[in-house]
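Asks: Compute the structure for the input listed below.
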Amino acid sequence: MEKFEFTEHAHRRFNPLTGEWILVSPHRTKRPWQGKVEKIIIKKRPEYDPNCYLCPGNERAGGLINPDYKDVFAFQNDFSALVPDVPAGNFKNGELFLAESEKGFCKVICFSPRHDLTIPQMEVSAIRKVVDLWCREYEEIGSLEYINYVQIFENKGDIMGCSNPHPHGQIWAQSTVPVEPSKEQENQKKYFENHKRSMLSDYLGEELKSGERVLVQNEHFVALVPFWAVWPYEAMIVSKRHIQRITQFTEDEKSALADIYKKLTIMFDNLFEVSFAYSAGIHQAPTDGEEHPEWHFHMHFYPPLLRSATVRKFMVGYEMLANPQRDITPEQSAEKLRSLPLKHYLN
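Replies: Model (predicted):
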């Protein structure tokens, strides 16, 4: 009987953080590809754009004027999806029709005053200021009585819904724990109760032993392709120390997070020599006043590009109606990313 091989045969992989499965079909990578693979034409952006509503001194869409900021800048989103002054209320019609009001808060984080930069092109010292701002905002917003979860994230590239190329991210905070962190909390809690250790501490230990999916590491963090990755070049940054939230970082850990954030995104850009699109976000403990020893700080990166700067992976058909599926294995994508230089292709 033929021996089963990860690299050759269809199989399912389990995601212990969410409790979900993904179908991996490595044999499909052998099928011929006739799609486009050419590079896109890079348009150099100016350092300052008078029409950009995020550049220093410019008028925003809501009519307010940005200050002449010199590094990072945070402001309340002019068109927030969540607002604090929602009256309490709910709707219920039997067991099938349920709704309830949701309070929240949305902010925009400008990473740099320069319109032409992205995280992989910024200095580590400048990215460290972004990390410092994340810490301050998480603590300040999370201290509000009605806020129980603070979601810090970045959408990069118009194909990921980013409406402005100026380097920026967002913070959405709300009174309930959202779906994805809620799933992770439930599974991490079960693991912690059973083993008295964090799930990601044990997972990271095994990944470091094999090294097969590890991309880059420093003293305090590891960037890797998760065993259960869904997106072609999905990655995750995990803290080596078991901590629950960003405010527990030492000064050295904050600088180390900035360092590995830059290195991972340089790998992304170098892969197809393009400003690589992705959605990235931090998953950490809720701000509900509980300690949450089960939580382990990590940051997800979900990039859509598959074969070139213009060929994307879409969640369609089977993936929308059944479960996620991928062709290239996480080990193959890790090997490809790991082989890239850590000097940005434009330098």
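Asks: list the helices and strands the helix or strand bottoming out on mean pLDDT in the chain packs on?
Replies: The weakest-scoring helix or strand in the chain, judged by mean pLDDT, DSSP states H and E, is helix 318-321 (a mean of 87). In this structure, helix 318-321 packs against no helix or strand, with contacts taken as 3 or more C-beta pairs under 8 Å, 6 or more residues apart in numbering; DSSP states H and E. (Glycine included, C-beta is placed from N, CA and C.)
Asks: quick one: buried residues of that helix?
Replies: residue 319 (16 or more other C-beta atoms under 10 Å).
Asks: Show me where the stretch 101-250 of the chain has its helices.
Replies: 124-142, 179-195, 199-210 (DSSP state H, counting those that start in this stretch).
Asks: who wins for proximity to residue 253 among those helices?
Replies: Closest approach to residue 253 among the helices of the stretch 101-250 of the chain (C-beta to C-beta): helix 124-142, 9.1 Å.
Asks: and for that closest one, what are the contacting residues?
Replies: 71-72, 74, 105, 107, 109, 111-112, 119, 147, 150, 152, 169, 171, 173, 245-247, 249, 254-255, 257-259, 261-262, 282, 284, 287 (C-beta atoms under 8 Å, 6 or more residues apart in numbering).
Asks: Which members of those residues are classed as buried?
Replies: Buried, going by 16+ other C-beta under 10 Å: 72, 74, 105, 107, 109, 111-112, 119, 147, 150, 152, 169, 171, 173, 245-246, 249, 254-255, 257-259, 261-262, 282, 284, 287, out of these.
Asks: Now go through those and say which are in strands.
Replies: Using DSSP state E, the subset of the buried ones among the contacts of helix 124-142 located in strands is 74, 105, 107, 109, 150, 152, 169, 171, 173, 282.
Asks: just curious, which of these is nearest to residue 11?
Replies: residue 282 (30.2 Å).
Asks: List the contacts of the residue lying closest to that closest one once chain neighbours are set aside.
Replies: In space, residue 282 comes closest to residue 152 once its chain neighbours are excluded; the distance is 4.5 Å by C-beta to C-beta, 6 or more residues apart in numbering. Neighbour list for residue 152: 109, 134, 137-138, 169-171, 246, 281-282 [criterion: C-beta under 8 Å, 6+ apart].
Asks: Spatially, which two of those residues are the most separated?
Replies: Those two in the contacts of residue 152 that are separated most widely, counting by C-beta to C-beta, are 170 and 246, at 15.3 Å.
Asks: ok, back up a step: out of the ones in strands among the buried ones among the contacts of helix 124-142, who's nearest residue 201?
Replies: residue 282 (17.6 Å).
Asks: contacting residues around that closest one?
Replies: 134, 151-153, 246, 297-299 are the contacts of residue 282 under C-beta under 8 Å, 6+ apart.
Asks: try residue 119
Replies: Shown in contact with residue 119 (C-beta under 8 Å, 6+ apart): 111, 127, 130, 154, 156, 167, 261-262, 265.
Asks: go on, residue 163?
Replies: Contacts of residue 163 by C-beta under 8 Å, 6+ apart: none found.
Asks: Could you report the pLDDT at it?
Replies: Predicted confidence (pLDDT) for residue 163: 79.
Asks: likewise residue 19?
Replies: Reading off the model, residue 19 has pLDDT 96.
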